[in-house]
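Visitor: pasting a predicted model and its sequence here:
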Amino acid sequence: MAAYTGAIIYTACRKTFTCDNGLEAELLACREGVELALHRTQLPFVVVELDCAEAVMMTKSPMQNRLKYTALVQDIKGMIAESMREIVSAHISHSHNKVAHGLAAYGRCAPRIAVWFGPGTNEIGWGSAIHRQQQPYQSAYSMATVLLDGSNPAVVRVRQLIDGTESSDGWTRCWEEGLTPWDLGEPTPAVVELVKSGTLPGGGGTTATVLVPGCGGGYDAVALSGAGRFVVGLDVCDAAIQKARQRWSSISPDGNFIAFVNADFFTWEPPKPFHLIFDYTFFCAIDPSLRSAWARRMYDLLRPDGELITLMYLVEGQESGPPFNATVLDYEEVLNPLGFVIVSIEDNGVAVEARKGMEKMARWKKMAN
């Protein structure tokens, strides 16, 4: 079992002596996983990953379509109902379940029940392989949560916590619970490419100021800093800002290149306007009723010759959010009336796998209004 950050909480295996087929084995493993999660953690939100779609359906369906496994399925549902926690099952591909298969192989050759805190002991011999498998956005769970829509159990939980336009408490709960499916755990690849392109302001003896609203863990803010750029990472969630400060304090301990500020984007007043603002998954995270206010703040926070870069996550078909449905037209409708003009727009060719084809990078110039 791993936290969303990739940290391994415990590793376990059990040899099953009576099992008729793969479906029964998967349901037995599900019951064991739920029981361990309830007894050994206080996590309020748990995703149980299964590579058997039928097992996932049985744990979610109210129908008793397999009489042979009724008692087993009822055990699972009963534990979940009594736990008063958010526990959901999710289907993942067979290829993403290598760690579980490795533990199963160990259980077959060493007929015992074993639970280790962390990735295991030297008895397994491949604890480091588990650790590598469970790093953020390399594990099966991480890969599942990269997709930010209603099919993702983590997104469903985020939507439960963030209800309405006054949602700062909800975002704080997300960070406190480690429920941040939007967080790649590393700089966004498109940001890395932007820095390499040499087209960003700053350098050559001049210093440009950059704002990253909704900066979260600060990866993109740090990637944009330096080389003639001073970056402010802004977030309404104090827990996110504290994590960012702790993680990156050694990068710029004297504050020469970066600062993290806990404030509301819609009310915060910086000393001076910025040369550049970078927005990624911030526009689609706020309630659509706030988009006009978002555009006005972008205008007010930029210098007269400033630039806005929006890495657009163009999700559609969502009944609620975040992320809320977004199109290029949605951006244009609120930015164009203020005098913003698109200088360039292109598909994000370096998007993470689950977001490919859903993102566009647009660069906007602030013109006289």
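Guide: Right, received. Where do you want to start?

Visitor: so the residue lying closest to Cys215 once chain neighbours are set aside versus Asp287, what's the distance?
Guide: Using CB to CB, 6 or more residues apart in numbering and skipping the chain neighbours, the partner closest in space to Cys215 is Gly233 (3.3 Å). Where C-beta positions appear, they are placed from N, C-alpha and C, glycine not excepted. With distances taken as CB to CB, to the nearest Å, Gly233 is found 22 Å from Asp287.

Visitor: please identify which of the two sits among more neighbours.
Guide: Comparing Gly233 with Asp287 by neighbour count (other CB atoms under 10 Å), the higher total belongs to Gly233, at 29 against 16.

Visitor: report the contact partners of that one.
Guide: Contact analysis of Gly233 by CB atoms under 8 Å, 6 or more residues apart in numbering lists 212, 215, 218, 221-222, 241, 244, 258-261.

Visitor: what subset of these is buried?
Guide: Buried by 16 or more other CB atoms under 10 Å: 212, 215, 218, 221-222, 241, 244, 258, 260, out of these.

Visitor: average pLDDT across the helix or strand hosting Val158?
Guide: Element membership of Val158, judged by DSSP states H and E, is helix 153-161. Average pLDDT, helix 153-161: 77.

Visitor: pull out the buried residues from it.
Guide: Buried-residue list, helix 153-161, by 16+ other CB under 10 Å: 153-155, 157-159, 161.

Visitor: equivalent analysis for stretch 25-35, please.
Guide: Neighbour counts using 16+ other CB under 10 Å place 26-34 of stretch 25-35 among the buried residues.

Visitor: can you add distance to Gly178, pLDDT and secondary structure and give those residues back as a markdown table?
Guide: Below are the buried residues of stretch 25-35 laid out as a markdown table (distance: CB to CB, whole Å; pLDDT from 0 to 100; DSSP: H, G, I helix; E, B strand; the rest coil):
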| residue | distance to Gly178 | pLDDT | secondary structure |
| --- | --- | --- | --- |
| Glu26 | 26 | 84 | helix |
| Leu27 | 27 | 85 | helix |
| Leu28 | 28 | 85 | helix |
| Ala29 | 23 | 84 | helix |
| Cys30 | 22 | 84 | helix |
| Arg31 | 24 | 85 | helix |
| Glu32 | 23 | 83 | helix |
| Gly33 | 18 | 83 | helix |
| Val34 | 19 | 84 | helix |
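
Visitor: among those residues, which two are most distant?
Guide: For the buried residues of stretch 25-35, with distances taken as CB to CB, the pair at the greatest spread is Glu26 and Val34 (12.7 Å).
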